[in-house]
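Q: could you work out the structure for the sequence below:
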Amino acid sequence: MPDPDARAYNALIRDYSWRGPAHAAGALALYAAMLHDARCPPNKYTFPFVLKACSALQDLRAGRAIHRHAARAGLHADLFVCTALIDLYMKCARFGPAAAVFHAMPARDAVAWNAMLAGYALHGMYHHALECLLRMQEGCASLRPNASTLVALLPLLAQQSALCQGKSVHAYSIRASLHDKDGVLVGTALLDMYAKCGELLYARRVFEAMPMRNDVTWSAIIGGFVVCGRMTGAFGLFKDMLAQGLGFLSPTSVASALRACASLADLHIGKQLHVLLAKSGLHSDLTAGNSLLSMYAKAGLIDEATALFDEMAAKDTVSYSALVSGYVQNGMADAAFLVFRKMQACNVQPDVATMVSLIPACAHLAALQHGKCSHGSVIVRGMAPETSICNALMDMYAKCGRIDLSRQIFDVMPARDIVSWNTMIAGYGIHGLGKEATALFLDMKNHACEPDGVTFICLISACSHSGLVTEGKRWFHMMAQKYGITPRMEHYISMVDLLARGGFLDEAYQFIQTMPMKADVRVWGALLAACRVHKNIDLGKQVARMIQKLGPEGTGNFVLLSNIFSAAGRFDEAAEVRIIQKEKGFNKSPGCSWIEINGSLHAFIGGDRSHPRSPEIYQELDNILVDINKLGYQADTSFVLQDLEEEEKEKALLYHSEKLAIAFGVLTLSEDKTIFVTKNLRVCGDCHTVIKSQETIDNVTKDLVISLRERKTAVKPSDPNRHSGGYGTGTGVGVGHPIIEAKTPANLSGRHICTSELLLRCSSGSSSSLPCTVHNVVGVGGPGLLSEGAEEAEPG
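A: Numbers count the residues shown, from 1 in each chain. Now for the predicted structure:
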């Protein structure tokens, strides 16, 4: 009979080991105490439970030591000890030692076989798991897969979308009457498998046939509906669950319901779930907290998300990733970097989702150096081959003006999905490389990748930015005729933009009239922007009336309406539009341009003198303007839309934000560096004349480039309705196409002079810091969204 003291030790070790990783260390501490207590050495009842604790902690070193202790105690062939060793080695991905223990066993039961099979399934080793299952059935006639076997195997089948094999397992479970003995376990695993394979009908049938359900069952069926995009159905099931009492409520089911809220943008229900979490005592659960945080962030309630994040007692990678993603989606790229820095300071390791959220922040600020540092970070962390990472990097490099690096990543990435192709086509489009975008689209066929609706939006947009009107029209018609894709509103917006950019305003108007659906404000807004550019005042008035009937949605259309009236000399009507705009709460963002110098972002607004080097900047800009005036440049005052005298209009044009940013680039960058400027709004026509060589006369811009020391210069407007060519190359000055959303970055607005250190660590343990100092401007208004086609007249 075991010594009573040893039995007490074993009871405590068993209790600790069964309570999961949080208490497993206690089991190891008790085991260490047994080793030092000569009265009660470990016995065959001790080792299985202490090895279970090692498995929970994935402590391979301690497990190997205990393996040696068991061997010295003569228990190396004990069935329970060997099974526990197999479980440990498999969970730690040590397949060789696990197989060695398994094959050395004199006898094996179903539990030992299940330990091997579950280990293979845990690591996604589909073929090894199936082979193990076959050998189990062939090795001994008395051994048959039991409920534990199926519960281990079914998640792997779901992962592989092996629906046929899953149905075979379902049939076996019925023949073996496993639903009668372990109905909840097997039924839950089956419905989860069906849901993850996209077969919600089968999943629902299994669910309805189950005589008993637990919280895991409800979580599985609700989560399955969410994964399949059936958000309304998920809510219905969640309500059914609550109707049966709060006993079934779990963090996982609430997390699924919150995901549905985020997808449906149903904040009312989301906030009710927040209250429910607090009442049920689940508000401190990390899984539920992360889902709640993600919901608030996706809904744009960034203050609520930040407050919740600060209140969370425990935070993991998912918590930080959700907040980083929320900041980036809401135009607060600088805050995203600060959260990432805090994440590293707390020794929380970023994962793929974190970096996929962070990399767009570099694109949002056009911070190429930070983007390159992020690229280095994912390489060091072994994430570079991930398709989602490659897609994010391609998008970032394209938006930072390096389409060549985007293509390099595209060419070498191990696997491409439809997002990869769409991202590269869109990248070519925003650089005005429509022919390259078309060639890439045609190459999709050679790689067995079928285009989707987004592909054609990117393709038509690429044709639009490149002046390929005929090609764009052809692709629009082929989309439905050849590829069977029904055009959505976004496709019609792209087509109107294509025709309008090309100067075919009447055709664009007729196209809108023949649309099978009622055109929304975005469609008319695309045409209105072109009316402003092509100075078609009569059509602009008609379009303006349509927009007024529908109700302008967003600042951009109000600004366009005002500018149309101003260009026609109807300043009273323009002022009236501005008044309505303010009454409706649509605040116009001031023109803001920024430039990255050695990891520091320097921002300017028109006429701003808050920069520490303002005297030098203005002197340099004055010198440039004097030089080009000698060459025949004259300010184009038609782009000043205020009712001012001609002389005042000329003064208003002198110190626009992009000119100040370029002058600062001339002062600070070496001659071999490209001056890369980003602007939150459309580049005004006069600045366009000063900067862009293709659209100037008498070689004015060519001489300007010489005055800029023959340096490559690129100004990148954020506005999606640019009407110019791609980025400049060689020694020509280029004005890029719109690359990021037309938002003033939060770090560049609404504050006085501010310096904010944004640190990216390129690798864990070593700090390769890129201090991104934001030299802000004085008196800039708060962040606002300017929709397509909007432009501004900057203050003088």
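Q: and the strands in the protein?
A: 592-597, 600-605, 675-679, 713-717, 733-735, 774-775 (DSSP state E).
Q: least confident of those strands, on average?
A: For the strands of the chain, mean pLDDT drops lowest on strand 733-735, to a mean of 28.
Q: distance of the residue nearest to I222 when sequence neighbours are not counted relative to L433?
A: Spatial nearest neighbour of I222, chain neighbours left out: S256 (4.5 Å); criterion: C-beta to C-beta, 6 or more residues apart in numbering. Every C-beta, even on glycine, is put in place using the N, C-alpha and C of the backbone. S256 sits at a distance of 43 Å from L433 (criterion: C-beta to C-beta, to the nearest Å).
Q: with neighbour numbers in mind, choose between those two.
A: Here S256 and L433 are compared on neighbour count by other C-beta atoms under 10 Å; more neighbours surround S256, at 27 against 22.
Q: quick one: residues contacting that one.
A: Contact partners of S256, counting by C-beta atoms under 8 Å, 6 or more residues apart in numbering, are 219, 222-223, 225-226, 234, 238, 291.
Q: which of these tops the neighbour count?
A: I222 (28 neighbours).
Q: my read: that residue touches S250, true?
A: No: judged on C-beta atoms under 8 Å, I222 makes no contact with S250 at a distance of 9.9 Å.
Q: now W594, nearest residue through space, not along the chain?
A: W594's closest residue in space is A603 (C-beta to C-beta, 6+ apart), at 4.2 Å.
Q: what's the burial count for that neighbour?
A: 28.
Q: how near is it to Y618?
A: 16 Å.
Q: now do A257
A: In terms of C-beta to C-beta, A257 sits 57 Å off from Y618.
Q: who's more crowded, those two?
A: It is A257, of A257 and Y618, that has more neighbours when counted by other C-beta under 10 Å, with 30 against 17.
Q: relative to L292, how far out is that one?
A: Where L292 is concerned, A257 sits at a distance of 10 Å (C-beta to C-beta).
Q: between those two, which contacts overlap?
A: Common neighbours of A257 and L292 (C-beta under 8 Å, 6+ apart) are L273.
Q: domain parsing for the chain?
A: The record assigns the chain these domain ranges, following automatic domain parsing: 352-535, 592-775.
Q: ok, of these, where does mean pLDDT dip lowest?
A: domain 592-775 (a mean of 56).
Q: got a list of what P21 touches?
A: Counting by C-beta under 8 Å, 6+ apart, P21 has contacts 56-57.
Q: again but with M34, I slipped
A: Going by C-beta under 8 Å, 6+ apart, the list of residues near M34 reads 6, 9, 40-42, 46.
Q: okay, it: pLDDT?
A: In this model, M34 carries a pLDDT of 88.
Q: select the longest helix from this structure.
A: For the chain, the helix with the greatest residue count under DSSP state H is helix 178-196.
Q: need the residues that contact that one.
A: 146-147, 150-151, 154-155, 157-159, 161, 166, 169-170, 173, 200, 202-204, 206-207, 209-214, 216-217, 220-221, 223-225, 227-228.
Q: show me where the stretch 251-400 of the chain has helices.
A: 251-264, 267-280, 286-298, 302-311, 317-329, 333-345, 352-364, 368-380, 387-399 (DSSP state H, counting those that start in this stretch).
Q: cross the contacts of helix 178-196 against helices and list the overlap.
A: 147, 150-151, 154-155, 157-159, 166, 169-170, 173, 200, 202-204, 206-207, 209, 216-217, 220-221, 223-225, 227.
Q: in ChimeraX, how would I select the buried members of the residues you listed?
A: Command for ChimeraX that selects the buried part of the ones in helices among the contacts of helix 178-196, burial taken from 16 or more other C-beta atoms under 10 Å:
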select :147,150,151,154,155,157,158,166,169,170,173,200,202,203,204,206,207,216,217,220,221,223,224,225,227
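Q: just give me the neighbour total for L30.
A: 23.
Q: and if you look at F676?
A: 24.
Q: isn't it up against A366?
A: Yes: at 6.8 Å, F676 counts as touching A366 under the criterion of C-beta under 8 Å.
Q: M489 contacts R522, correct?
A: Yes: the pair M489 and R522 passes the contact test of C-beta under 8 Å, sitting 7.3 Å apart.
Q: in terms of packing, which of these two has more residues around it?
A: R522 (21 against 14).
Q: count the neighbours of L201 for me.
A: 8.
Q: go on, K535?
A: The burial count for K535: 11, using other C-beta under 10 Å.
Q: thinking again about what came up before, chain center to the longest helix of the chain, what's the gap?
A: 34 Å (C-alpha atoms, centre = their mean, to the nearest Å).
Q: tell me which residues in it are buried?
A: 178-179, 182-196.
Q: that helix vs helix 147-159, what angle?
A: 10 degrees (axes from the mean of the first three to the mean of the last three C-alpha atoms, to 10 degrees).
Q: identify the residues contacting A398.
A: Per C-beta under 8 Å, 6+ apart, neighbours of A398: 406, 423, 426-427, 430-431, 739.
Q: again, 7 Å this time
A: A398 makes contact with 406, 427, 430, according to C-beta atoms under 7 Å, 6 or more residues apart in numbering.
Q: C458 too?
A: Counting by C-beta under 7 Å, 6+ apart, C458 has contacts 422, 425-426, 429.
Q: make TSV out of those and add neighbour count.
A: Listed next are those as TSV, based on neighbours: other C-beta atoms under 10 Å:
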residue	neighbour count
N422	23
I425	27
A426	24
G429	25
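Q: the residue lying closest to A519 once chain neighbours are set aside: how many residues sit nearby?
A: Using C-beta to C-beta, 6+ apart and skipping the chain neighbours, the partner closest in space to A519 is I512 (5.0 Å). Residues within reach of I512, counting by other C-beta under 10 Å, total 20.
Q: and the residue lying closest to D87 once chain neighbours are set aside, what does it touch?
A: Take D87 and drop its neighbours on the chain: the residue closest to it by C-beta to C-beta, 6+ apart is A115, 4.8 Å away. When contacts are counted by C-beta under 7 Å, 6+ apart, A115 touches 83, 86-87, 90.
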